[in-house]
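S.K.: Dropping a prediction and its sequence here:
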Amino acid sequence: MEIIFYRFRHLLLYPGIVFLLTVCTFASSISIIKSVDDDSNSLPNGVYIHQLDNGMQVLLIENPALPMVGVNVVVKVGSAYETFATSGMSHMLEHLLFNGTNSMTQKELYDATDIIGGYNNANTGEYYTNYMMVTPADKIYEGMQIQAGMLFHSILPEDKFEKEKGIVMEEIAKSLGNSREQEERNIISIIYNGHALSLPTLGTYETIKGMIRDDVHDFYKNYYVPNNMIMSVVGNFNRDEMLNRINEIYGKEKPGSVKLPFSPAWGTGFEKQKSDLEMEGEVFHRFYKGEQLSANLLYELPENLPMEFFNLFDISLNNQKDTLQNILDEKFPETVEQITFSTRIYPIKNYLQANLKLKNESNLSEIINLFEEELHKRDLALSIEIINSEAIKTKTNFYKNVEKPHMFGIYNASTFAEYGIESVFKSYSQSGYIEAGKMIDDFSISGEPVVIVQHPLVSEESEADEEAIQTELYENSNNKPVLIIKQNSGSELLAIHYLIKNKTAYEEKFGKDAATIWHDAFGQRLKSIENKKESSKYGLTFSVNDNPYIPMDNIYLNPAFGYIRVEGLADDVAGVIKYLNAQMLNFIPTETEFDKSVKKFQGMMMMKRENKAKQVFEDSYKNI
């Protein structure tokens, strides 16, 4: 056996990407939901807006051409309603709601969703937490009952709380390994100083670490009331029947009074910032673990601008990039590597953000001054053809999202929470874009920006990093494993890899597929309730088997070896190793575990058709 042991700070995952080329016809659905009229006061056909007696707002969009129905519920709470003491609580609660209700355990909840072919997920933003349930049309009412149970009757079990804390802390540690995330945190901590928008949506590591279950439960009971929710339903259903079922399932829940946090020094939600920090024209310096010097220029924009304005504004700014780049290159050759623009749109304050990526710090002040001067001169007007094209594009995106029941709710969650249901439809009117185009014609960028200079730490810390990251090889006797240790003293994460050699030889001795069955049975043991009580203390996750349906997936059961991967927190390395050694060295499958594994793989072999993709992959691999 070889044990490969890593402790690391930065983990970057590249998920597999599948491209599907689909030929679609939208004729049937477009005949149901007609184009948005130029009159911004009208709604598309098949669209209905209601409010239940308990205050829940409901948007129904009928689309009989779809085989599915998607129900999204936006709870109007996110990181914008938090303080330093509760930072990350909205996101933490999102995780906890998948751990069981007063009528279903976590396993029963997942099994019930699988049985109906459902997709049950959630995501958190600054002003919302969004829950989505998508099922075949004839199963949607079962899916709605599962979702309502989670929203209103979750129990936030104490024995799952520490496990979820570990998962969230791992998310935070991984995010901080991303240089763009570090840049973002530096920016929001300055421009939204004195407001909850200055905090990251995931929360801070120390806040999550010290979070108490009862505090999260109080947070849940305060915000998760029907009068603080907006539901959207998209897909193949009958309006009257759907509205009756919504009333039966969600309408019976009692409304509540949402108590917002108040502090004379801290703004939340739609409150303005409570900060004495002067912003305009100020220069701030921050450091981050990136590779390039970055200058962020943030110009405050007027309030109450329509969304159509921002869509056109982004186009106009992108049209100016090459001109500004050429001007800077002519005056400061080989210095400015890239210019990008973006907008930050929130109810409390809007910003235009210009980013300059620089190769060095020479002439920094002169470059920023020249860029400001030239940006003020830009003519931002757009032709009527571009404006009309953008209106049609936005309208098309609306219909495309209606064709994907889960995407409509995800895409519009922030708009629902910040501006209400009607604002979604206002943004698709032709007249809205014409008016926004006139605003762009008369608009110019003025005022002094907030300047944030972000200095890279990489070059200054490279020598220290080399000392902090150590790799050692211990080749022990035949009775002990080979041990490879790679240690980074600055990391919060731990990974342990077990590699068991001579797999083929062992299978010749103990039988074909013996390793496959052993791995699966071992995975069952690690996921058992008894083991999770122990492993959750360390935030451990396990990977023990390959996916039999992916042709190139033979990492964990390679013909030459078996492989097991464990990840978790590095708070108690000795405790983790002791726990894992006990599990690994003392493992003997029970009859139940063994029988379950045998039946599982026998069933796979019976159902498995010839996998041509896998055969082509293996033939190509062997010929390399």
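M.R.: Received the coordinates, thanks.
S.K.: Return the helix or strand hosting residue 74 as CSV; C-alpha atoms alone will do.
M.R.: Using DSSP states H and E, residue 74 sits within strand 68-75. Taking C-alpha atoms only, strand 68-75 is exported to CSV below (Å, rounded to 0.1, in the frame of the first residue of the first chain):
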residue,chain,number,x,y,z
MET,A,68,-41.4,19.2,-17.3
VAL,A,69,-42.5,21.8,-14.7
GLY,A,70,-40.1,23.9,-12.7
VAL,A,71,-41.1,25.5,-9.4
ASN,A,72,-38.7,28.1,-8.0
VAL,A,73,-39.2,29.8,-4.7
VAL,A,74,-37.1,32.9,-3.9
VAL,A,75,-36.8,33.6,-0.2
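S.K.: Please give me every residue in contact with the residue lying closest to residue 161 once chain neighbours are set aside.
M.R.: Among residues not flanking residue 161 along the chain, residue 213 sits closest, at 4.6 Å (C-beta to C-beta, 6 or more residues apart in numbering). Bear in mind the C-beta positions are built from the backbone N, C-alpha and C, glycine included. The neighbours of residue 213, taking C-beta atoms under 8 Å, 6 or more residues apart in numbering as the test, are 156, 158, 161.
S.K.: Same question for residue 451.
M.R.: Going by C-beta under 8 Å, 6+ apart, the list of residues near residue 451 reads 282, 283, 284, 295, 296, 297, 298, 368.
S.K.: Now the element after the worst-scoring helix or strand of the chain on mean pLDDT, going C-ward?
M.R.: Lowest on mean pLDDT, DSSP states H and E among the helices and strands of the chain sits helix 27-32, with a mean of 30. Moving toward the C-terminus from helix 27-32, the next helix or strand (DSSP H and E) is strand 47-51.
S.K.: How about that following strand, which residues are buried there?
M.R.: Buried residues in strand 47-51, counted by 16 or more other C-beta atoms under 10 Å: residue 47.
S.K.: Then stretch 263-282?
M.R.: Neighbour-count burial for stretch 263-282 [16+ other C-beta under 10 Å]: 266, 267, 268, 269, 271, 273, 275, 279.
S.K.: Pull the most distant pair out of these.
M.R.: Within the buried residues of stretch 263-282, two members stand farthest from each other by C-beta to C-beta: 269 and 279, at 20.7 Å.
S.K.: Residue 514 contacts residue 508, doesn't it?
M.R.: No. Applying C-beta atoms under 8 Å as the test, residue 514 and residue 508 come out as separate, 9.5 Å apart.
S.K.: Quickly list what's touching both of these two.
M.R.: Common neighbours of residue 514 and residue 508 are not found (criterion: C-beta under 8 Å, 6+ apart).
S.K.: does residue 564 count as helix, strand or coil?
M.R.: strand (DSSP: H, G, I helix; E, B strand; the rest coil).
S.K.: which residue packs closest to it, ignoring adjacent ones?
M.R.: residue 498 is the one closest to residue 564 (C-beta to C-beta, 6+ apart), at 4.3 Å.
S.K.: sorry, back to before: now what about the strand holding residue 74, what contacts it?
M.R.: Contacts of strand 68-75 (C-beta under 8 Å, 6+ apart): 128-137, 140, 143-144, 147, 151, 223-224, 228-237, 404-406, 408-410, 413, 416-417.
S.K.: before we move on, the earlier item: any idea which helix or strand carries the residue nearest to residue 564?
M.R.: Judged by DSSP H and E, residue 498 forms part of strand 493-501.
S.K.: Who does that strand pair with, and is each partner parallel or antiparallel?
M.R.: strand 2-8 (antiparallel), strand 561-569 (antiparallel) (DSSP bridges).
S.K.: domains in the chain, as residue ranges please.
M.R.: Domain assignment of the chain by automatic domain parsing yields the ranges 283-382+420-459, 463-622.
S.K.: State the distance from the residue nearest to residue 161 to residue 96.
M.R.: 9 Å (C-beta to C-beta, to the nearest Å).
S.K.: do residue 584 as well
M.R.: Using C-beta to C-beta, one gets 31 Å for the distance from residue 584 to residue 96.
S.K.: Would you pull up how far the lengthiest helix in the chain lies from the middle of the chain?
M.R.: Secondary structure of the chain per DSSP state H: the longest helix is helix 307-331. Put simply, helix 307-331 sits 29 Å off its chain's centre (C-alpha atoms, centre = their mean, to the nearest Å).
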